[in-house]
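Trainee: Okay, here's the prediction I keep looking at, along with the sequence it came from:
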Amino acid sequence: MDLQDTGETDTRISSNNDAKKCCDNSLANNISNETKTKNEKRTDYLSWDDFFMATAFLVAKRSKDPVTQVGACIVNQEKKIVGTGYNGMPIGCNDDEFPWGKNNPVDNKYLYVCHAEMNAVLNKNSADVNNCTIYVALFPCNECAKIIIQSGIKEVVYLSDKYSYKKKMIAAKKMFNASGVIFRQYIPSKQHLVLDFSEINSNMTQMPCTPEKSNDN
Ligand SMILES: O=c1ccn([C@H]2C[C@H](O)[C@@H](COP(=O)(O)O)O2)c(=O)[nH]1
């Protein structure tokens, strides 16, 4: 039956209209919020500390060490990255052939692996690393501490100090203190940082509208 003929009010139509208005309002709110957020500076960007430590962690993903992957990132006073490194076998030492285990006392990874800090210093793309800061996942050992001090790096920012009880780390701290190299632990603002490669394509608001047929033709 055609409702117009009976004179009855179609409650379905009025509730549909209400729903549409409500939908229009929330759409308008969304658009205005979106416009607002698209025109204002982001506030959840990475701090410098977060960025450089995250870089050190990303670099560590290149490491083949099955137990501890260490990454290091050297930053100059202009906040520019001048070197990165991770723990790995020396050039020419095939990491499929050299040992990654540590239990064999005469042939283990410790005899061969180049530490992240040393690689970062040797990989530098600047003339020197004087007065730089090194961000490193793990507190440096005594041998890396010597390299850090001798290269002129003035600050060490580390995340884990899981081997703090070892003589090597105690010696490293002793040398840093004596030579005036500042060290501080980085406390992350959040435990996880996700890299989402699909994010760059997620904003589809720029898609062109579907063309409409004009009445002029
Ligand atoms: O200052 C340091 C100390 C250690 N490393 C590297 C050396 C090894 O590849 C691992 C440590 O392995 P464990 O099995 O946890 O002992 O880390 C470094 O790069 N820098």
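Mentor: Cool, got the structure.

Trainee: can you tell me how far the nearest residue in space to Ile149 that is not next to it in sequence sits from Ile147?
Mentor: Excluding the flanking residues, the one nearest Ile149 by Cβ to Cβ, 6 or more residues apart in numbering is Ser179, at 4.7 Å. (Each C-beta comes from the backbone N, C-alpha and C, glycine too.) Per Cβ to Cβ, to the nearest Å, Ser179 is found 12 Å from Ile147.

Trainee: neighbour-wise, which of the two wins?
Mentor: Each of Ser179 and Ile147 has its neighbours counted (other Cβ atoms under 10 Å); Ile147 has more, 19 against 13.

Trainee: Show residues contacting the strand or helix carrying that one.
Mentor: Following DSSP states H and E, one finds Ile147 within helix 142-151. Contact with helix 142-151 is made by 115-118, 121, 128-130, 134, 140, 156, 167-169, 171-172, 175-176, 179, 181, as judged by Cβ atoms under 8 Å, 6 or more residues apart in numbering.

Trainee: likewise stretch 79-86?
Mentor: Against stretch 79-86 from outside (Cβ under 8 Å, 6+ apart): 48, 52, 55-56, 59-63, 69-76, 114, 116-126, 129, 132.

Trainee: Show me what counts as buried in it.
Mentor: 81-86 (16 or more other Cβ atoms under 10 Å).

Trainee: Quickly check these for the two that are furthest apart.
Mentor: Spanning the widest gap among the buried residues of stretch 79-86 are Val82 and Tyr86, at 15.9 Å by Cβ to Cβ.

Trainee: mind checking the backbone torsions on the residue positioned nearest the centre of the chain?
Mentor: For the chain, Ala54 is the residue whose C-alpha lies nearest the centre (Cα atoms, centre = their mean; 3.3 Å). Ala54 adopts backbone torsions of phi -60, psi -40, taken as degrees, to the nearest 10.

Trainee: any idea how far Ala116 is from it?
Mentor: From Ala54 over to Ala116 (counting by Cβ to Cβ), the distance is 15 Å.

Trainee: Could you do Lys38 as well?
Mentor: 39 Å.

Trainee: Tell me which of those two has more neighbours.
Mentor: Ala116 (31 against 9).

Trainee: does that one really touch Tyr135, like I thought?
Mentor: No: counting by Cβ atoms under 8 Å, Ala116 stays clear of Tyr135, with 10.4 Å between them.

Trainee: list residues touching both of those two?
Mentor: If you check Ala116 and Tyr135 against Cβ under 8 Å, 6+ apart, the residues they both contact are 56, 72.

Trainee: if we can go back for a sec, touching the ligand at all, the helix holding Ile147?
Mentor: Yes: Helix 142-151 comes into contact with the ligand (Cβ under 6 Å from any ligand atom), by way of Cys144.

Trainee: what angle sits between the very next helix or strand once past that helix and helix 142-151?
Mentor: Sequence-wise, the next helix or strand downstream of helix 142-151 (DSSP H and E) is strand 155-160. Between strand 155-160 and helix 142-151, the angle comes out at 160 degrees (axes from the mean of the first three to the mean of the last three Cα atoms, to 10 degrees).

Trainee: Averaged pLDDT, stretch 82-89. What do you get?
Mentor: Mean pLDDT, stretch 82-89: 98.
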